[in-house]
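Colleague: Please find the sequence and the predicted model below.
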Amino acid sequence: MNQTILYAEHVSKSYNGKKDKVTKALDDMNFDLNKGEIHSLLGPNGAGKTTLIKIMATLLAKDKGTVNIMGFDLDKSEREIRHLLGYVGQDTERSAYARLTAKENLHFFGSMRGLAKEEIDKQIDKLVTYLGFEENMSKQFMHLSGGQKQIVVLMRSLLHSPPIIFLDEPTKGLDPIIAKKIRRFLVDLVKKEGKTLLLTSHILSEVDEMSDRVSLIHKGKIAITDTPDALKESVGVTDFIEIERNGMSIDIINRIKNLDVVVSHVERNDWDSFGVSDPFDGTQAILGILKETNSRVRFKHKSVSLEDAFIHHIGMLEESFDK
Amino acid sequence: MVNVIESELKMYEMPASEKARLSMRVPLKRVIFANMKKEILIQLRYKANFVAGIVQALLFILIFWFFSVALLYTNPALATTEAKFLFFLSAFVIVFYDGVFLYGAVNTVNRDLYNGTLENIYALPSSRYLYYASSIFAQSLILTIILAPFLVFLIFFSGAPGVDVMLMGLVLALTIITMVAMGVLISLMAILWKQVGSLVGVVGTLFQFVGGMVFPIDSLPTVFRYLAYTFPYTYAFDLMRVYSFGDSWTPIMDPMYQWGILAGFAIGFTLLAKVLLRKVEKHAKAKGLHLL
Ligand SMILES: Nc1ncnc2c1ncn2[C@@H]1O[C@H](COP(=O)(O)OP(=O)(O)OP(=O)(O)O)[C@@H](O)[C@H]1O
Ligand SMILES: [Mg+2]
């Protein structure tokens, strides 16, 4: 049975802007985390992901609702919750003392958490070795590259070995190799040490690879929470067959559209994309028509990705919102 | 979707021993040491500022020397050179530390805003009042290290009786408590409204001059004189004069009352700062700390 380690209920948050302009960032939101899972928050820019994370990290006051983390109420037990969380904010470029070295920054924040020097050193050693960061530890924070800063801030969030970690776009600005390394490190951390990880990311292949569950946030509400596979399935097609439009007649396109196995049709630039309910039958039927009509066109096959699922769901949400 | 009953049933239960460990406060000593180290390292890396600090200290001493000698010539009956030295020395110390106490808190907040560290400080389980206070404390310690040789020399040179020096030390202590609280107050306002930071300089200078540091408040225009009665410095400087010049100085009111008022300022401002800290944090947390 999955154990809930965190839940948020009926959480609302509005920001008051200039001239009575109110932005409703979270609207009666319900959310929960299971112990030991990697959970990703997805949603368009401005959906409210950062707002939710900051509220749960005690950094932002909510207007309404309750949040409970490992049995502690957010309104009553801020200090306990701060002990339990590791937090990496979205803006890491500016988040540590510019004139202190990476190591000095880690020691400062570690001590301010009440850790002893030896504990901090031990934890730093472990992290630095894994992440191959030795030679940057004595550089001042302001002299590190964006990605290196990101790593320092990630290490900072793990110094006290917290059971729950919130990462707001942890691999933003990292090169593919180090991003992969960090993903593997995080997955290991969760699986081996039983941590729980909540992250946001706009890199959907990464979310698909790492996450046990995904929540899609739209206009301040959780629209769907499910496993990445289930989300992809709910698109209703398993694969896309794409055909270059150049030189194809409307007739042929209509014939393909009318096939039983073809569920959807979108035009993408110079390509016609057909969603099919079965990859084998779909490919065979479409190729059959192309062969019959002697259409020698370029042809692609693509499995449904989390990105397709994201676009599909957001599209449906926007539609129902407009009505 | 979660509902209360379901989530409570499945809720992870933390062992009681773990829970107790989490509610422990971060040790005071560790917070203070961490901030001292941070402040010293940062100061040392802004070499220009560090050197400027020493040069400024030397300049101040020269100015005070000049004032005390000048006053001796204009009014030789008032007191001895030693007494004047003592008064100007103590005024000098107040003014000098005032820089740290008033600006220290604001500088800390401004630096946290500039470095973007404020939000990360708030993510820590340690006390924020302690964080601000120990940052200020660390900055004043650095200043003391710079000033110490001059102070020792000047006290030795003044040859004042021990009791007077101690009483003046007490006046200084009360003034410092008031200033720390005012500093925290101002830094809190700087969290709310960024422009407040630049007001500090004006307020500090006003306090010094209207408070009678250079000219006794009797010699000020009437408006300023009334204004002066609302400033803590007025009583601090007057008490300093009482213990420097002895009988030859006529205090603005009974020194006993002045002690009372000074202590009242210290307690009042500290309480006010603590209350405001809570208010400001609430306000800042509603707006989002990163936006500051
Ligand atoms: N401090 C603030 N003051 C006013 N409005 C804010 C503030 N922070 C966020 N907002 C608004 O609240 C909404 C939600 O923002 P939030 O940062 O939570 O989005 P997000 O999902 O993290 O987006 P992104 O993917 O771009 O990071 C947005 O409309 C944003 O403009
Ligand atoms: Mg965000």
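Modeller: Arrived safely, thanks for sending. Ligands and ions are numbered 1, 2, ... in the order given.
Colleague: Let me see the ranges of the strands in chain A.
Modeller: Assigned by DSSP state E, the strands in chain A fall at A:4-16, A:22-34, A:38-42, A:64-69, A:72-73, A:85-88, A:164-168, A:196-200, A:213-218, A:221-226, A:239-244, A:262-268, A:271-276, A:299-303.
Colleague: quick check, the third one touching ligand 1?
Modeller: Looking back up the chat, that one is strand A:38-42. No: Strand A:38-42 does not reach ligand 1 (CB under 6 Å from any ligand atom); its nearest approach is 7.7 Å. In short, each C-beta sits where N, CA and C put it, glycine included.
Colleague: how many neighbours does whichever residue of chain B sits closest to chain A have?
Modeller: Nearest residue of chain B to chain A: B:Gly116, at 3.1 Å (CB to the nearest CB). Other residues near B:Gly116 come to 20 when the count uses other CB atoms under 10 Å in any protein chain shown.
Colleague: With the one 10 residues further on instead?
Modeller: The local packing count at B:Ser126 equals 22, with neighbours defined by other CB under 10 Å.
Colleague: how close does it sit to ligand 1?
Modeller: 25 Å (CB to the nearest ligand atom, to the nearest Å).
Colleague: Determine whether the claim that that residue is in a strand is correct.
Modeller: No: B:Ser126: not assigned to a strand; according to DSSP: H, G, I helix; E, B strand; the rest coil it is coil.
Colleague: Mean neighbour count, distance to chain B and mean pLDDT for the strands of chain A - can I get that in a markdown table?
Modeller: Compiled in a markdown table, those are given as follows (neighbours: other CB atoms under 10 Å in any protein chain shown; distance: least, CB to the nearest CB, whole Å; pLDDT from 0 to 100):
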| stretch | mean neighbour count | distance to chain B | mean pLDDT |
| --- | --- | --- | --- |
| strand A:4-16 | 20 | 5 | 93 |
| strand A:22-34 | 19 | 5 | 93 |
| strand A:38-42 | 25 | 13 | 96 |
| strand A:64-69 | 18 | 7 | 95 |
| strand A:72-73 | 17 | 8 | 93 |
| strand A:85-88 | 24 | 5 | 95 |
| strand A:164-168 | 24 | 10 | 96 |
| strand A:196-200 | 23 | 9 | 96 |
| strand A:213-218 | 22 | 11 | 94 |
| strand A:221-226 | 18 | 8 | 93 |
| strand A:239-244 | 20 | 31 | 90 |
| strand A:262-268 | 14 | 28 | 85 |
| strand A:271-276 | 20 | 29 | 90 |
| strand A:299-303 | 12 | 29 | 87 |
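Colleague: Kindly reformat these as JSON lines containing distance to B:Leu172.
Modeller: Output for these, formatted as JSON lines (distance: least, CB to CB, whole Å):
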{"stretch": "strand A:4-16", "distance to B:Leu172": "44"}
{"stretch": "strand A:22-34", "distance to B:Leu172": "49"}
{"stretch": "strand A:38-42", "distance to B:Leu172": "54"}
{"stretch": "strand A:64-69", "distance to B:Leu172": "46"}
{"stretch": "strand A:72-73", "distance to B:Leu172": "44"}
{"stretch": "strand A:85-88", "distance to B:Leu172": "42"}
{"stretch": "strand A:164-168", "distance to B:Leu172": "46"}
{"stretch": "strand A:196-200", "distance to B:Leu172": "51"}
{"stretch": "strand A:213-218", "distance to B:Leu172": "56"}
{"stretch": "strand A:221-226", "distance to B:Leu172": "58"}
{"stretch": "strand A:239-244", "distance to B:Leu172": "78"}
{"stretch": "strand A:262-268", "distance to B:Leu172": "76"}
{"stretch": "strand A:271-276", "distance to B:Leu172": "79"}
{"stretch": "strand A:299-303", "distance to B:Leu172": "76"}
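Colleague: any chance of the ones you listed in JSON lines, with distance to ligand 2 too?
Modeller: Listed next are the strands of chain A as JSON lines, based on distance: least, CB to the ion, whole Å:
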{"stretch": "strand A:4-16", "distance to ligand 2": "13"}
{"stretch": "strand A:22-34", "distance to ligand 2": "10"}
{"stretch": "strand A:38-42", "distance to ligand 2": "9"}
{"stretch": "strand A:64-69", "distance to ligand 2": "18"}
{"stretch": "strand A:72-73", "distance to ligand 2": "25"}
{"stretch": "strand A:85-88", "distance to ligand 2": "12"}
{"stretch": "strand A:164-168", "distance to ligand 2": "6"}
{"stretch": "strand A:196-200", "distance to ligand 2": "6"}
{"stretch": "strand A:213-218", "distance to ligand 2": "10"}
{"stretch": "strand A:221-226", "distance to ligand 2": "15"}
{"stretch": "strand A:239-244", "distance to ligand 2": "30"}
{"stretch": "strand A:262-268", "distance to ligand 2": "28"}
{"stretch": "strand A:271-276", "distance to ligand 2": "30"}
{"stretch": "strand A:299-303", "distance to ligand 2": "29"}
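Colleague: Do I have it right that the residue of chain B closest to chain A meets A:Tyr97?
Modeller: No: counting by CB atoms under 8 Å, B:Gly116 sits too far from A:Tyr97 to count as a contact (9.6 Å).
Colleague: Can you pull the domain assignment for chain A?
Modeller: Split into domains by automatic domain parsing, chain A comes to A:4-224, A:236-303.
Colleague: count of neighbours near B:Leu44?
Modeller: Neighbours of B:Leu44 (other CB under 10 Å): 12.
Colleague: Repeat that for A:Phe280.
Modeller: 10.
Colleague: Over to B:Glu13?
Modeller: B:Glu13 has 9 neighbouring residues, counting by other CB under 10 Å.
Colleague: what's the nearest residue to it if we skip its chain neighbours?
Modeller: Computed as CB to CB, 6 or more residues apart in numbering or on different chains, the closest residue to B:Glu13 that is not its neighbour in sequence is A:Gly71, at 6.5 Å.
Colleague: Check A:Met70 too.
Modeller: Closest residue to A:Met70 apart from its sequence neighbours, by CB to CB, 6+ apart: B:Met14 at 5.2 Å.
Colleague: So that neighbour belongs to a strand, correct?
Modeller: No: under three-state DSSP, B:Met14 falls outside any strand and is assigned coil.
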